[in-house]
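Participant: Build the 3D model from these lines:
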Amino acid sequence: MVKSLKDSCLWCIAKNLHRINQVGRYLAAVNKECLIQLLAAHDMLTEDYMPHVTYNLFAHNLKRLNLHKCCQVNDNLLKQLSMSGCHLTSLVIYKCPGVTDVGICAITGGQSELVVLELNSLPITDRALCNIRSKALERLDLTQCTGITAVGVLGVIKHCSNVKSVILLGCTKIQGSLLPGIAQDLNCNLEELNLCGVHGMSDEALIGIAENCPNIRKLDLCSCREITGAGLTSIFTKCSRLWNLDISYCQRMSSPSEFKVLETLSMSLTHLSLTGILLENEELFIEILTRLTGLRLVRLCGVRALNDQSLKKILCKIGHQLEVLDISGSIEQRITDEGLQSVAKYCTNLQKLILTMLRNIHGTTLLPIFQNQERANCITELRCGGTTVSYEVLIAAASSCHNLEILDLTATDVDDSLLTTIAKHCLHLKNIGLKGCKKVTDAGLSELARCCPLEVVIAAGILALTDKSIFALASSCPQLQELYLNGCSRISPVALRYLQDCCVSRVHVMHKVPNAAPNQLMARNLDTGEFCRVDQLSYI
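Facilitator: Numbers count the residues shown, from 1 in each chain. The predicted structure follows:
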């Protein structure tokens with residue numbers, strides 16, 4: 001894989017805004033948007049370069065801005081964008097620590113056509129939301145904005161009553177008592193509500209939401225520890241269109257008397273997450289799951305009632321329609337190969353299978369899935385990290401799952417031969433987890449990089465990896481976004497900086513290494529054209 005012609009051209013323009021005469025006159029708005037994102041991703045919005053950026057790229061016809069993890073994106077830059085007269089339909093700002101209430105007020109002021117607003121992990125308060133006045137707004141995402149309260153959200157909703165999706169994940173200051181007020185203003189428009197980690201959530205708030213928002217289809221209550229069956233019963237009876245429900249880590253739902261309210265769940269539910277629900281009543285657990293004949297996704301990690309026998313009874317009723325199955329392990333290891341035999345027998349349409357941390361499995365009973373090419377072609381995600389799955393099963397999966405996009409092999413028996421097989425057959429692979437796979441070397445990872453469009457690579461703890469792997473990723477994986485290399489002491493920081501420069505978007509790199517050699521010098525090998533560490537070059 002190499003950079004597309006479009007990406008190469010945009011990169012050339014981005015580096016030469018000061019040299020190409022009036023280049024902004026010849027660029028379409030969508031290309032200007034891409035260039036702004038590219039400059040932010042590579043920290044090129046410097047004080048010296050900004051005049052060329054504002055002159056050529058900041059324009060009234062900009063529609064979409066996407067700014068990620070850039071310290072150079074600050075209030076002043078957002079003010080300059082606002083002064084360009086742009087009429088945005090989508091604004092996404094993620095982990096830009098230089099952005100405060102002042103900048104958000106400036107860029108959102110007068111934006112009457114805004115449809116999508118995502119402000120994630122920013123040091124902002126309610127004051128940042130005071131200028132949002134778009135009747136067209138449909139999606140409001142304030143994930144991990146810990147300074148935001150329900151008062152600020154309510155202020156937005158008062159002026160943007162057509163919002164369909166509200167994401168408040170990790171907004172720990174949200175007061176549950178004010179959520180019914182937000183629901184009342186949105187009324188029938190609200191379809192998605194994410195309250196994951198909102199600790200002030202209560203049954204009273206949930207009842208208020210149910211009474212005012214009957215059209216909710218997707219509801220995430222993960223880690224809302226105070227809710228009980230009373231609040232959920234109101235949701236189940238009044239929100240008849242609900243198809244996606246997440247009550248993971250809702251501790252009070254572990255009681256059989258509370259869990260029993262799930263009997264009133266709509267038969268149309270297709271996605272259900274019960275991760276961390278410590279229910280021990282197997283009979284009730286089986287009864288609830290088997291009546292939901294429309295389920296397509298189910299997450300059961302950590303449910304104490306889950307074992308080989310209960311899994312078999314559940315899958316024989318609903319397994320044929322499941323597309324996503326998560327039975328990841330917990331402290332109590334109750335799933336063995338006998339349980340996986342039920343997965344292979346009944347889950348004939350499976351697309352994603354998560355088996356992480358199941359330490360009592362070898363996986364041989366899953367072979368029927370991989371030996372049936374039609375079923376194997378359906379698999380797009382396979383996670384078996386932290387298991388004792390056999391090499392035979394890994395080879396079978398690598399050889400037959402041609403449409404794999406996500407593969408987690410953390411701490412399994414992986415070697416270069418297996419990675420070569422994956423590279424040969426899994427040409428759509430984007431996410432690979434190899435943490436702690438000590439048999440892996442540069443040869444295997446380089447072959448994987450050459451053949452697969454990798455975006456996320458987790459290779460922490462592989463001591464044999466060197467800069468050769470990094471150069472392979474830099475040469476063949478321009479869309480790389482995340483790279484985890486903690487403990488890889490033979491990889492140099494300068495090689496990682498070279499990699500970041502070669503990729504299209506910002507690459508998040510985790511590389512914590514004790515006693516790494518500082519200030520290593522890189523140079524181009526004129527014979528091969530590769531960048532190499534000078535201290536590793538040999539001279540004849």
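Participant: what's around Thr290, how many residues?
Facilitator: The tally of other residues near Thr290 (other Cβ atoms under 10 Å) stands at 15. Using the backbone N, CA and C atoms, a C-beta is placed for each residue, glycine as well.
Participant: Pull the contacting residues for it.
Facilitator: Taking Cβ atoms under 8 Å, 6 or more residues apart in numbering as the contact definition, Thr290 lies against Lys313, Ile314, Lys317, Ile318.
Participant: Helix or strand for the third one, just tell me which one.
Facilitator: Using DSSP states H and E, Lys317 falls within helix 308-318.
Participant: how about TSV for the contacts of Thr290, with neighbour count and distance to Val92 added?
Facilitator: Formatted as TSV, the contacts of Thr290 follow (neighbours: other Cβ atoms under 10 Å; distance: Cβ to Cβ, whole Å):
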residue	neighbour count	distance to Val92
Lys313	17	44
Ile314	24	39
Lys317	17	42
Ile318	19	37
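Participant: Just name the closest of those to Leu279, please.
Facilitator: Sorting the contacts of Thr290 by how near they are to Leu279, with Cβ to Cβ, puts Ile314 at the top with 13.2 Å.
Participant: follow-up on the earlier one: not counting the helix holding Lys317 itself, show me its contacts.
Facilitator: Residues outside helix 308-318 that contact it (Cβ under 8 Å, 6+ apart): 282, 285-286, 289-290, 292-293, 295, 298, 322, 327, 334-336, 338-339, 342-343, 345-347.
Participant: hang on, the earlier thing: of the contacts of Thr290, just say which sits nearest to Gly487.
Facilitator: Relative to Gly487, the closest of the contacts of Thr290 is Ile314; by Cβ to Cβ it sits at 39.6 Å.
Participant: dump the residue contacts of the closest residue to that closest one other than its chain neighbours.
Facilitator: What sits nearest to Ile314 in space, not counting adjacent residues and going by Cβ to Cβ, 6 or more residues apart in numbering, is Leu289, at 4.7 Å. Applying Cβ under 8 Å, 6+ apart, we find Leu289 in contact with Leu295, Val298, Ile314, Lys317, Ile318.
Participant: how close does Leu289 get to Cys222?
Facilitator: Plainly put, Leu289 is 19 Å away from Cys222 if you go by Cβ to Cβ, to the nearest Å.
Participant: Same check on Thr365?
Facilitator: For Thr365, the distance to Cys222 (Cβ to Cβ) stands at 31 Å.
Participant: if you count residues, which helix in this structure comes out on top?
Facilitator: Longest helix of the chain, by residue count under DSSP state H: helix 29-41.
Participant: Show the average pLDDT along that helix.
Facilitator: Throughout helix 29-41, pLDDT has a mean value of 96.
Participant: Could you check it and say which residues are buried?
Facilitator: When neighbours are counted by 16 or more other Cβ atoms under 10 Å, the buried residues of helix 29-41 are found to be Asn31, Lys32, Glu33, Cys34, Leu35, Ile36, Gln37, Leu38, Leu39, Ala40, Ala41.
Participant: again, but for stretch 105-112
Facilitator: By 16+ other Cβ under 10 Å, the buried positions in stretch 105-112 come out as Cys105, Ala106, Ile107, Thr108, Gly110, Gln111.
Participant: swap in stretch 411-431?
Facilitator: 411-412, 414-416, 418-423, 425-426, 429-431.
Participant: Okay, and which of those residues map to strands?
Facilitator: Asn431 (DSSP state E).
Participant: Among the buried residues of stretch 411-431, which pair sits farthest apart?
Facilitator: Greatest spatial distance in the buried residues of stretch 411-431: Ala411 and His425, 22.6 Å, computed using Cβ to Cβ.
Participant: With pLDDT as new columns, can the buried residues of stretch 105-112 be given to me in a markdown table?
Facilitator: Putting the buried residues of stretch 105-112 into a markdown table (pLDDT from 0 to 100) gives the following:
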| residue | pLDDT |
| --- | --- |
| Cys105 | 97 |
| Ala106 | 96 |
| Ile107 | 97 |
| Thr108 | 96 |
| Gly110 | 92 |
| Gln111 | 95 |
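Participant: Just the closest of those to Arg506, please.
Facilitator: Nearest to Arg506 among the buried residues of stretch 105-112, with distances taken as Cβ to Cβ, is Ile107, at 20.2 Å.
Participant: That closest one against Gln80, yeah?
Facilitator: No: taking Cβ atoms under 8 Å as the definition, Ile107 is not a contact partner of Gln80, at 9.6 Å.
Participant: thinking again about what came up before, any figure for the gap between the residue nearest to Ile314 and Cys316?
Facilitator: Here the distance between Leu289 and Cys316 works out to 11 Å (Cβ to Cβ).
Participant: One more: Cys71?
Facilitator: Using Cβ to Cβ, one gets 54 Å for the distance from Cys71 to Cys316.
Participant: Might you list the low-confidence residue ranges for the stretch 1-150 of the chain?
Facilitator: Of all residues in the stretch 1-150 of the chain, those with pLDDT under 70 make up the ranges 1.
Participant: can you map out the strands along it?
Facilitator: In order along the chain, the stretch 1-150 of the chain carries the following strands (DSSP state E, counting those that start in this stretch): 64-68, 90-94, 116-120, 139-141.
Participant: returning to what we had before: farthest pair within the contacts of Leu289?
Facilitator: Val298 and Lys317 (11.9 Å).
Participant: Need the nearest residue in space to Ala464, chain neighbours excluded.
Facilitator: The spatially closest residue to Ala464, leaving aside those adjacent along the chain, is Thr441, at 4.6 Å (Cβ to Cβ, 6+ apart).
Participant: for stretch 489-505, how far is the first residue from the last?
Facilitator: As for stretch 489-505, its first-to-last residue distance stands at 25 Å under the measure Cα to Cα, to the nearest Å.
Participant: List of residues touching it?
Facilitator: Counting contacts by Cβ under 8 Å, 6+ apart, the residues outside stretch 489-505 that touch it are 3, 7, 11, 37-38, 41-42, 68, 463-467, 469-471, 473-475, 477-481, 483, 485, 506-507, 509, 511, 513-517, 520-522, 531, 533.
Participant: if we go to 6 Å?
Facilitator: Among residues not part of stretch 489-505, those counted as contacts by Cβ atoms under 6 Å, 6 or more residues apart in numbering are 7, 41, 466-467, 470, 473-474, 478, 480-481, 485, 507, 509, 513, 520, 522, 531.
Participant: And stretch 326-340, by the same measure?
Facilitator: 299-302, 307-308, 311, 354, 356-362, 365-366.
Participant: So which of those residues are in helices?
Facilitator: Members of the contacts of stretch 326-340 lying in helices (criterion: DSSP H): Asp308, Leu311.
Participant: List buried residues within the contacts of stretch 326-340.
Facilitator: Applying a neighbour-count criterion of 16+ other Cβ under 10 Å, the buried members of these are 299-302, 307-308, 311, 354, 356-358, 361-362, 365-366.
Participant: now, which of these lie within strands?
Facilitator: The subset of the buried ones among the contacts of stretch 326-340 that ends up in strands is Arg299, Ile354, with DSSP E as the criterion.
Participant: For the buried ones among the contacts of stretch 326-340, point out the one with the lowest pLDDT.
Facilitator: For the buried ones among the contacts of stretch 326-340, the model is least confident at Gly302; its pLDDT is 90.
Participant: Number of residues surrounding the residue nearest to Glu263 when sequence neighbours are not counted?
Facilitator: On the basis of Cβ to Cβ, 6+ apart, the spatially nearest residue to Glu263 that is not a chain neighbour turns out to be Ile288, at 6.4 Å. By other Cβ under 10 Å, the residues close to Ile288 number 21.
Participant: mind checking the SS state of Ile288?
Facilitator: helix (DSSP: H, G, I helix; E, B strand; the rest coil).
Participant: My read is that it contacts Leu262, right?
Facilitator: Yes: under the criterion of Cβ atoms under 6 Å, Ile288 makes contact with Leu262 at 4.7 Å.
Participant: In which helix or strand does Arg465 reside?
Facilitator: For the record, residue 465 is Leu, not Arg. With the criterion set as DSSP H and E, no secondary-structure element contains Leu465; it sits in neither a helix nor a strand.
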